[in-house]
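Engineer: Let me see the structure of the following:
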Amino acid sequence: MPGNKTTHTVQWGDCDPLGIVFYPNFYRWMDEGSWALFNGRGLTLEAMEQRFGSLGAPLVETGCAFKSPARPRDVLTIESEAVEWSKRSFRMAHTFTCEDRLVAEGFEVRVWVLDAPDHPAGIRSGNIPQEVKDLLS
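Structural biologist: Down below sits the predicted model:
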């Protein structure tokens, strides 16, 4: 199953004083792309907790390489997909394009999290169910 595509029209408020997208916005859009993929496959936060006992999939690592500037009125296509799996974590890849121009490539590493009242943080990582992997792959 392919990943998810979203679009975003760059607004003036998305940009820095030079008129290019301020870099933190790419991280926000990557997060939105991941959750659009999860929700589109029936993995809302509520479903994750009810079906799998998971509290979600928080970030543990992220990065982005900026290839060309995006400016107001540019329409970005953001492709998000799960590309690597381990026992307790997975990697999301995000590609930003404007028409045929590559704007940025980013990634997130997310961990499958379970409730753990006895743990100092109140949460712990858990094994990702195969059903979840199948839904997102």
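Engineer: show me the contacts for Pro24.
Structural biologist: Taking C-beta atoms under 8 Å, 6 or more residues apart in numbering as the definition of contact, Pro24 has no neighbours. All C-beta spots, glycine's among them, are computed from the backbone N, C-alpha and C.
Engineer: Now Pro2: which helix or strand?
Structural biologist: Per DSSP states H and E, Pro2 falls between elements, in no helix or strand.
Engineer: okay, now it: neighbour count?
Structural biologist: Residues lying near Pro2 (other C-beta atoms under 10 Å) number 8.
Engineer: Model confidence score at the nearest residue to it once chain neighbours are set aside, please.
Structural biologist: Leaving aside its chain neighbours, Pro2 sits nearest to Glu81 (6.9 Å; criterion: C-beta to C-beta, 6 or more residues apart in numbering). Note on Glu81: pLDDT of 97.
Engineer: Report how many residues lie close to Glu81.
Structural biologist: Neighbours of Glu81 (other C-beta under 10 Å): 19.
Engineer: so it bridges to which residues?
Structural biologist: Taking DSSP bridges as the rule, Glu81 bridges to Ala93.
Engineer: after the helix or strand bottoming out on mean pLDDT in the chain comes which helix or strand?
Structural biologist: Lowest mean confidence among the helices and strands of the chain (mean pLDDT, DSSP states H and E): strand 123-125, at a mean of 90. Where DSSP H and E defines the elements, the next helix or strand beyond strand 123-125 is helix 130-136.
Engineer: show me where this structure has helices.
Structural biologist: According to DSSP state H, the chain carries its helices in the segments 24-40, 45-52, 130-136.
Engineer: Great, nothing more from me.
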